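[1] Quick one: sequence and predicted model below, then my questions.
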Amino acid sequence: MNRLAAVVFDVDGTLVDSERDGHRVAFNAAFEEAGLPDRWDIPTYGRLLRITGGARRLASWFGSVGRSPDEAERLAKRLHGRKTAIMRELIEAGKIEARPGVHRLLDQLDAGGVPMHVATTGTRAWVEPLLDRVFGPRFQVVVTGTDVPDLKPSPAAYLEVLRRTGCPADRSVAVEDSQNGVRAAVAAGLRVVAVHNDYTHDDDLSGAELIAAGFEDPPLSAWFQQRV
C-alpha cells in the first residue's frame, strides 16, 4: 500500500457520463445534418463502444450497413469532424457533467498532493474544453487520441503519460470504466481501479485491482484513502 505517485484518469464513461447523452447525441445530430438515415439508439451505441475512437466507430458502422470501404472512410472522416463540433457545443451548454462522487475523489487526491493526469482515446478538440469546463485546472498532463498513434486497448496513451511525467508505473494507478481501458492500463504496467457505468456493467474488468459500481462506493473511497 505504497503512497500513490500519480492517478491517471480515463474520460469517457469514467470522469463523465458522456457516451449515451453526449457522443451518441452528437453522432445522431451529425447524421441528420448530413441527410443520412443512420441513427444510433442507446443499445446500438453500447455495442459500438467496443470500437475505440469515433472515426473508427463511424467507419466500422458504415461498412457494416453496406457502404464500400472507400465510402465508409470518406464519410467517417467528414462526419467525425462535424460530430466533434457538436460535442463541443454540448459541452459549452453544460450538458456533460461529472459522475457522482468524482469531484470528492479529486478533492481527496488534491489534498493529499497526488498528481492527477488523463489518458483518453478522445480527441483533444473536445477533451480539453470538457476538462476545463467541468474540472478546471485539475490535471497536469493530458494525453488524448490526437497525441498517440494507437488507441486503447493499446497502452500508448498510458505509456505517453508515464514518459512525460516520469512517474513509476508500479506506484501509479489508472481509473477506467471499460475492458479496453483496463487492458490498456495493465499493458502499460499500471494498477487499475475500475468503475462501472451503464454501458460497461457487463465488461470483463478482471484485470483491475478493484471494481466498483460508482465513485461513491465505500470500498473505492477506502482504497484511495489508504494510499493518499
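    Everything's here; your move. Residues are numbered from 1 along each chain as shown.

[2] The chain: helices as residue ranges?
    For the chain, the helices defined by DSSP state H occupy 24-33, 42-48, 54-64, 69-92, 102-111, 124-135, 156-165, 179-187, 218-225.

[3] would a markdown table of these with distance to Asp202, mean pLDDT and mean neighbour count be doable?
    Backbone N, C-alpha and C define where each C-beta goes, glycine included. Conversion of the helices of the chain to a markdown table gives the following (distance: least, CB to CB, whole Å; pLDDT from 0 to 100; neighbours: other CB atoms under 10 Å):
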| stretch | distance to Asp202 | mean pLDDT | mean neighbour count |
| --- | --- | --- | --- |
| helix 24-33 | 18 | 97 | 19 |
| helix 42-48 | 9 | 94 | 14 |
| helix 54-64 | 19 | 95 | 20 |
| helix 69-92 | 26 | 96 | 17 |
| helix 102-111 | 22 | 97 | 16 |
| helix 124-135 | 26 | 96 | 18 |
| helix 156-165 | 24 | 98 | 21 |
| helix 179-187 | 9 | 97 | 24 |
| helix 218-225 | 19 | 96 | 14 |
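
[4] Pipe the ones you listed into TSV and attach distance to Asp147 per row.
    As requested, these are arranged in TSV below (distance: least, CB to CB, whole Å):
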stretch	distance to Asp147
helix 24-33	21
helix 42-48	23
helix 54-64	15
helix 69-92	15
helix 102-111	22
helix 124-135	7
helix 156-165	6
helix 179-187	14
helix 218-225	27
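
[5] closest one to Ala5 among those?
    Using CB to CB as the measure, helix 156-165 is the one of the helices of the chain that comes nearest Ala5, at 8.7 Å.

[6] next one: the closest one to chain centre, how far?
    Here helix 156-165 is found 15 Å from its chain centre; the criterion is CA atoms, centre = their mean, to the nearest Å.

[7] CA atoms of it as CSV?
    In CSV, the C-alpha atoms belonging to helix 156-165 read as follows (Å, rounded to 0.1, in the frame of the first residue of the first chain):
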residue,chain,number,x,y,z
ALA,A,156,0.1,4.0,-26.0
ALA,A,157,-1.8,6.8,-24.1
TYR,A,158,-0.7,5.5,-20.7
LEU,A,159,2.9,5.0,-21.8
GLU,A,160,3.0,8.5,-23.1
VAL,A,161,1.7,9.9,-19.7
LEU,A,162,4.4,7.9,-17.9
ARG,A,163,7.0,9.2,-20.4
ARG,A,164,6.0,12.8,-19.9
THR,A,165,5.7,12.7,-16.1
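
[8] Which among the helices of the chain is found nearest to Glu209?
    Relative to Glu209, the nearest member of those by CB to CB is helix 218-225, separated by 8.0 Å.

[9] Does anything pack onto that closest one? Which helices or strands?
    Applying 3 or more CB pairs under 8 Å, 6 or more residues apart in numbering; DSSP states H and E, one finds that helix 218-225 contacts helix 102-111, strand 191-195, strand 210-212.

[10] For Pro37, which of the ones you listed is the nearest?
    In terms of CB to CB, the element of the helices and strands packed on helix 218-225 nearest to Pro37 is strand 191-195, at 35.6 Å.

[11] got the angle between the closest one and helix 156-165?
    For strand 191-195 and helix 156-165, the angle between their directions (axes from the mean of the first three to the mean of the last three CA atoms, to 10 degrees) works out to 130 degrees.
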